[in-house]
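[1] The following comprises the amino acid sequence and a computationally predicted model.
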Amino acid sequence: MTKVAFIGAGSMAEALISGMIENQLMSGNDIWVTNKCNHEKLENMKAQYGVTITYELEQIFKDANVVFLAMKPKDVADALQTIKPHLQKNMLIISVLAGVSIESIEQLAEKELPIVRAMPNTSATIGKSASALSVNKHVSIEQMKLVQQMFETVGLASVVREEQLDAVTGLSGSGPAYIYYLAEAMEKSAEEIGLEKEMAKRFIIQTLLGAAEMLEKSPKESHQLRKEVTSPGGTTEAGLKVLDAHAVQQAFIECIKEATAQSKRLGNHFSNSRKA
Ligand SMILES: NC(=O)C1=CN([C@@H]2O[C@H](COP(=O)(O)OP(=O)(O)OC[C@H]3O[C@@H](n4cnc5c(N)ncnc54)[C@H](OP(=O)(O)O)[C@@H]3O)[C@@H](O)[C@H]2O)C=CC1
Ligand SMILES: O=C(O)[C@@H]1CCC=N1
């Protein structure tokens, strides 16, 4: 049996727990969860997923095979300071923290541990995450199999070079938020052009799902698929002219580059503050 401990019980931890349970990789009995102080949140997770919740570190780490680090980057130094006496050589550490390098975690833990740095996204909740994984040399073949299995259960999982993880964070870690941002704009416009909210929502969702599936299944590139919707002198052309006038495509490119840069900054800030 695998015992999985989550240190941090926020959005990303919940997405992974929900996805792993929903897709029957494990049950709530296998999962232990703690956070900093939000007891109500832990109680909610216990009620919803049947996980064990505790602030007793002895309990959470006893016989744990896998330890997820799922706090914000700014909190990982304090968290590791507290948990490090409980970390054992055979425990696989999986960090989902944006920006924070494997080396930084090794230094904070002050012992040689198998460490995976992962960048999933919140679509793990429904088994649709895009997760990138990097590992250190202490991760065994068996542990790697387990990691692959866990992240494949919650979506697509690929091993990447660690230096690629900031870009993955900017692209697909943050990515769901960009799509929700577009959905928000579509919902707001629907209201203004006189469509009922519920009906418009169904049309928006189906349009996003349909376009995503076309991107997946059609052999055509995205720009070709866009062209096929855009009749000369038609409605799409008129709409897209407005987006071009506002340089929206360029803005999205800059958005992803900035998110990537922020991931690097989070990591640098973190390692510099350790050196200071
Ligand atoms: N949200 C997302 O879409 C994604 C997030 N990530 C990464 O996941 C990590 C968590 O993000 P997210 O879930 O959004 O953050 P949240 O703010 O939702 O959750 C953070 C959790 O960490 C807990 N925590 C803080 N300090 C400690 C501590 N010392 N010991 C134990 N638990 C602690 C908090 O507890 P309390 O509530 O009690 O303060 C809270 O449960 C981040 O590092 C982020 O970069 C990665 C991919 C996507
Ligand atoms: O916004 C963040 O920092 C985290 C990392 C990727 C998605 N959410």
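    That came through fine. Ligands and ions are numbered 1, 2, ... in the order given.
[2] Which one of the residues in the stretch 51-200 of the chain is closest to ligand 2?
    Nearest residue of the stretch 51-200 of the chain to ligand 2 (Cβ to the nearest ligand atom) works out as Gly173 at 3.4 Å. The C-beta positions use only the backbone N, C-alpha and C, and glycine is treated the same way.
[3] Just give the number of residues close to that residue.
    27 (other Cβ atoms under 10 Å).
[4] Quickly list the domain ranges of the protein.
    4-160, 175-258 (automatic domain parsing).
[5] any idea which of those domains is most buried?
    Sort the domains of the chain by mean neighbour count, taking mean count of other Cβ atoms under 10 Å, and domain 4-160 sits at the top with a mean of 18.
[6] okay, and for the protein, where does confidence drop off?
    In the predicted model, the chain carries pLDDT under 70 at residues 270, 274-276.
[7] Point me to the residue sitting closest to the centre of it.
    Asn121 (2.3 Å; Cα atoms, centre = their mean).
[8] Surely Gln81 touches Ala109?
    No. The pair Gln81 and Ala109 fails to qualify as a contact (Cβ atoms under 8 Å) at a distance of 10.0 Å.
[9] Show me the one of the domains of the chain that comes nearest ligand 1.
    The nearest among these, by Cβ to the nearest ligand atom, is domain 4-160 at 1.9 Å.
[10] First-to-last residue distance for the closest one?
    Criterion Cα to Cα, to the nearest Å; first-to-last residue distance in domain 4-160 is 24 Å.
[11] I'd like the domains of the chain laid out as JSON lines, including distance to ligand 1.
    Formatted as JSON lines, the domains of the chain follow (distance: least, Cβ to the nearest ligand atom, whole Å):
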{"stretch": "domain 4-160", "distance to ligand 1": "2"}
{"stretch": "domain 175-258", "distance to ligand 1": "7"}
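[12] between those domains, which one is nearest to His269?
    domain 4-160 (8.0 Å; Cβ to Cβ).
[13] Which parts of the stretch 1-150 of the chain are strands?
    4-7, 31-34, 52-53, 66-69, 92-95, 115-119, 129-135 (DSSP state E, counting those that start in this stretch).
[14] In CSV: those strands, plus distance to Arg226.
    Formatted as CSV, those follow (distance: least, Cβ to Cβ, whole Å):
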stretch, distance to Arg226
strand 4-7, 41
strand 31-34, 43
strand 52-53, 48
strand 66-69, 39
strand 92-95, 37
strand 115-119, 28
strand 129-135, 22
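[15] Make JSON lines from these and add distance to ligand 2 to it.
    Shown next, in JSON lines, are the strands of the stretch 1-150 of the chain (distance: least, Cβ to the nearest ligand atom, whole Å):
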{"stretch": "strand 4-7", "distance to ligand 2": "16"}
{"stretch": "strand 31-34", "distance to ligand 2": "19"}
{"stretch": "strand 52-53", "distance to ligand 2": "24"}
{"stretch": "strand 66-69", "distance to ligand 2": "13"}
{"stretch": "strand 92-95", "distance to ligand 2": "12"}
{"stretch": "strand 115-119", "distance to ligand 2": "7"}
{"stretch": "strand 129-135", "distance to ligand 2": "11"}
